[in-house]
Structure formats: C-alpha cells, structure tokens
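Participant: got a predicted structure plus its sequence, pasted below:
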Amino acid sequence: MLYIRADMNSTIATGHMMRCLSIADAAREQGESAAFLLADRQAVPLLEQRGYGSIVLDSPWDDMEAELPALEAAIKGRGIQKVLIDSYQVTPRYLEQVTRMASTIYIDDLDRFLYPVDALAYYAVDWESHHYAQRYPGAKLLLGPSYAPLRKAFQDCGAKRIAPQVESLLLLSGGTDPYGVLGKLLEGISKGDYQRIEVICGMYDPHEAGLRRKYQGCSNIHFYKAVADMEAHMARADLAIAAGGTTLYELCAMGVPTISYSMADNQMRNVEWFQENAVIDYAGDARHTDVAACACRLLGQYRMDAGLRQERSIKMQKLVDGKGALRVAEGLGTKLK
C-alpha cells in the first residue's frame with residue numbers, strides 16, 4: 001500500500017494534493033491501494049470524495065520535524081512500508097528519519113538540497129540541467145515531463161483542432177490568486193473579441209466573489225470555481241492564459257496554445273524553459289511586472305496567427321502525453337531499497 005504525505009491550504013493551495021491524487025488514482029488503477037498522511041483536516045473532505053482514507057497527524061503543516069513522533073507512531077502502527085512525500089517544508093533531518101522507517105519517494109520542484117530518499121521524481125522540463133543521475137547514484141529516478149502526474153482524463157487527448165478564428169479564451173490561476181491576476185487580465189482584455197471567456201477560480205481564490213459581481217452583466221464571461229472537469233474547459237478553449245504550475249502540463253497534453261505567467265519561485269524554471277524553447281510564451285512574474293499588459297500584447301499575436309497556434313499546439317503535445325501518473329505509479333510499484 002502506498003501512503004502519501006501531502007497537505008493543502010490557503011497558503012500552499014491545492015497543487016501538491018492534486019498531483020498526488022493523480023498518482024493515487026493511477027496506483028489504484030494498477031491494483032495498489034493508497035492513503036494519505038496529513039498535518040490537519042483541511043484535505044479530508046476532498047480525499048473522502050475521491051475515495052481515499054487518511055491519517056491526520058495534528059501537526060503544523062509548516063514544521064514537518066514537529067510531526068515526526070506522530071508519523072513514526074503511524075508508520076509502526078499501520079506497518080507502513082512506502083511513503084511518497086510532496087511538500088516544500090521537508091528538511092534533511094525529516095527525510096533522513098522517515099527514510100530509516102520506510103521506503104521514501106520525494107516529488108521535487110526546487111532542488112534545494114541533496115534529498116536523503118530512496119526515489120526521486122522531478123518532472124519539470126528543465127530536468128537535464130540538474131544532473132540527478134550523477135548526484136543520486138543509488139536512488140530510483142523518475143525524471144522529465146513524461147512523468148508529469150496528470151489525471152487520466154489527460155491521456156491520449158488526440159490532436160487539438162486549431163480553429164481559423166479565436167472564439168474561446170480560458171483564464172487560469174491555479175489554487176489561489178494572491179496577486180489578483182485574473183481580475184487584471186479581465187480589465188486589460190478586449191472582451192468583445194471573444195464569444196466566450198471562461199475564468200477558472202481556484203479553491204482558495206480571495207477575489208472570486210468580487211469578480212462575479214463586477215462582470216455579472218457580461219454574457220460572454222463565465223466563472224467557475226475549483227472545477228473537477230478541467231479537461232472539458234481546456235477542450236473548448238482556443239487560447240489560454242495560465243500560471244506556471246502543473247496546469248501548463250495539462251494544457252500541453254490538450255494542445256491548447258497558451259501564454260504563461262509566474263507568481264512563485266518554484267514556477268520560474270518551468271516558464272523560462274517553455275519560453276526559451278518556443279513552446280509557451282511568458283508574460284512575466286505577477287509579483288514584479290504588469291503581466292496583464294504583456295499577456296494582452298501576446299494575445300493579439302496569437303489571435304491573428306493560426307499558424308503560430310498550430311505550431312505551438314503540436315510542440316506541446318509532443319512534450320506531454322498525459323501518462324505521467326501511470327509511469328510514476330509503475331515506478332513506485334517496484335522495490336525501492
């Protein structure tokens with residue numbers, strides 16, 4: 001049985017939990033059950049909805065060393081043999097102690113230090129620049145965008161049909177929108193250029209209610225919150241603007257021409273690589289730049305050039321096939337140490 005240590009809340013949003021759920025779903029599809037280890041109860045309703053049990057450690061989510069006694073009791077009491085860990089709050093001491101108790105797998109985004117674990121997953125597009133094979137000679141390594149842990153709905157999507165005219169625009173920010181990017185985009189966009197603008201607000205978006213009130217008279221603007229069928233919204237979109245997290249890999253799998261922006265340090269390598277390799281254009285860092293102004297300029301280019309949209313769509317789908325969660329689950333199904 002696979003146990004997964006992850007959290008979600010208004011500070012870290014939902015990205016860690018959602019990708020871990022994709023891996024849990026893939027493991028379940030392959031005949032291995034999964035359960036979650038949590039600092040608190042915030043994720044419990046979502047996990048129950050998805051059919052997963054959990055152990056709540058009753059610890060501060062941002063001080064993982066404090067949970068070690070409770071985690072050790074859970075590992076010994078449940079006979080836990082394998083733990084997948086997805087948190088930026090880990091420390092060398094934390095990982096060393098957990099690795100002494102069970103086989104450990106860590107999902108890395110930041111390459112902050114040499115992680116003392118048995119297996120490491122890093123699916124960002126810049127994976128080769130980190131030289132993991134040389135630095136982790138004894139570990140099992142799951143590297144590159146072929147391991148991006150997406151939901152099953154993003155497998156085998158088929159080639160994206162690129163319409164001659166852009167009619168539908170999709171705006172995304174991830175689990176939260178601390179810098180109000182969605183509102184700034186809506187202010188800057190020529191809204192009459194689109195038959196349909198879909199705005200996906202995250203579970204912890206503080207601006208959602210205000211945006212709904214402001215644009216309630218605009219018949220072509222549609223708001224959604226924490227959707228469970230993201231693939232359906234992406235399938236309808238001719239263009240998208242999205243923050244630089246795992247959502248970019250979902251858009252790649254769907255082949256939706258996209259403009260990205262960043263709002264956290266862990267997104268920078270992604271958005272820069274996509275820009276440098278002419279896959280997804282980058283509108284800037286929402287913490288320091290006028291993302292909306294740059295995104296609107298890029299939108300003008302994409303709307304006028306169907307060939308550009310076709311070229312980017314093909315590149316995106318060559319990069320990501322949506323089967324990463326299956327590959328991760330398969331990799332974790334083998335002996336780790």
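Facilitator: Structure received. Numbering: from 1, shown residues only.
Participant: when you work out contacts or count neighbours from here on, use the C-alpha atoms and nothing else.
Facilitator: Noted.
Participant: centroid residue for the chain?
Facilitator: In the chain, the centroid-proximal residue (CA atoms, centre = their mean) is Thr246; its distance is 2.6 Å.
Participant: next up, phi/psi of that residue, please.
Facilitator: Backbone geometry at Thr246, expressed as degrees, to the nearest 10, gives phi -60, psi -20.
Participant: check the one 10 residues further on too.
Facilitator: When read as degrees, to the nearest 10, the backbone of Val256 gives phi -90, psi 120.
Participant: likewise Leu150?
Facilitator: According to degrees, to the nearest 10, Leu150 has phi -100, psi 160.
Participant: ok, now which ones touch it?
Facilitator: Arg19, Ser22, Ile23, Tyr249, Glu250, Gly322, Lys323, Gly324, Ala325 (CA atoms under 8 Å, 6 or more residues apart in numbering).
Participant: distance-wise, check the first one relative to Gly210.
Facilitator: Distance of Arg19 to Gly210, computed by CA to CA, to the nearest Å: 29 Å.
Participant: which SS class is Glu72?
Facilitator: Following DSSP: H, G, I helix; E, B strand; the rest coil, Glu72 is assigned to helix.
Participant: residues in contact with it?
Facilitator: Counted by CA under 8 Å, 6+ apart, Glu72 has contacts Val98, Met101.
Participant: so what's it scoring on pLDDT?
Facilitator: The model reports Glu72 with a pLDDT of 98.
Participant: please enumerate the strands of the stretch 201-337 of the chain.
Facilitator: 221-225, 239-243, 258-262, 281-285 (DSSP state E, counting those that start in this stretch).
Participant: which one of these is the most hemmed in?
Facilitator: strand 258-262 (a mean of 27; mean count of other CA atoms under 10 Å).
Participant: re the thing from before, TSV for the contacts of Leu150, including distance to Val279, neighbour count and pLDDT?
Facilitator: Listed next are the contacts of Leu150 as TSV, based on distance: CA to CA, whole Å; neighbours: other CA atoms under 10 Å; pLDDT from 0 to 100:
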residue	distance to Val279	neighbour count	pLDDT
Arg19	22	20	97
Ser22	24	21	97
Ile23	26	29	98
Tyr249	11	27	97
Glu250	14	26	97
Gly322	17	28	97
Lys323	19	22	97
Gly324	19	26	98
Ala325	22	26	97
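Participant: in helices, which of the residues you listed appear?
Facilitator: Arg19, Ser22, Ile23, Tyr249, Glu250, Gly324, Ala325 (DSSP state H).
Participant: where in the chain is pLDDT low?
Facilitator: Along the chain, segments meeting pLDDT under 70 are nowhere present.
Participant: what number of residues lie near Asp290?
Facilitator: Asp290: 15 surrounding residues under other CA atoms under 10 Å.
Participant: for Ala209, same thing?
Facilitator: 11.
Participant: separation between it and Lys191?
Facilitator: Taken as CA to CA, the span from Ala209 to Lys191 is 19 Å.
Participant: nearest spatial neighbour of Ala325, chain-adjacent residues omitted?
Facilitator: Spatial nearest neighbour of Ala325, chain neighbours left out: Pro149 (3.9 Å); criterion: CA to CA, 6 or more residues apart in numbering.
Participant: give me the contacts around stretch 284-301.
Facilitator: 179, 181, 184-185, 188-189, 241, 259-263, 281-283.
Participant: whoops, stretch 81-88 was the one
Facilitator: 1-7, 16, 20, 75, 101-108.
Participant: list the buried residues of stretch 41-56.
Facilitator: Ala43, Val44, Leu47, Tyr52, Ser54, Ile55, Val56 (16 or more other CA atoms under 10 Å).
Participant: what's across from the nearest residue in space to the second one that is not next to it in sequence in the sheet?
Facilitator: Using CA to CA, 6+ apart and skipping the chain neighbours, the partner closest in space to Val44 is Ser54 (7.0 Å). Beta-bridge partners of Ser54, counted by DSSP bridges, are Phe36.
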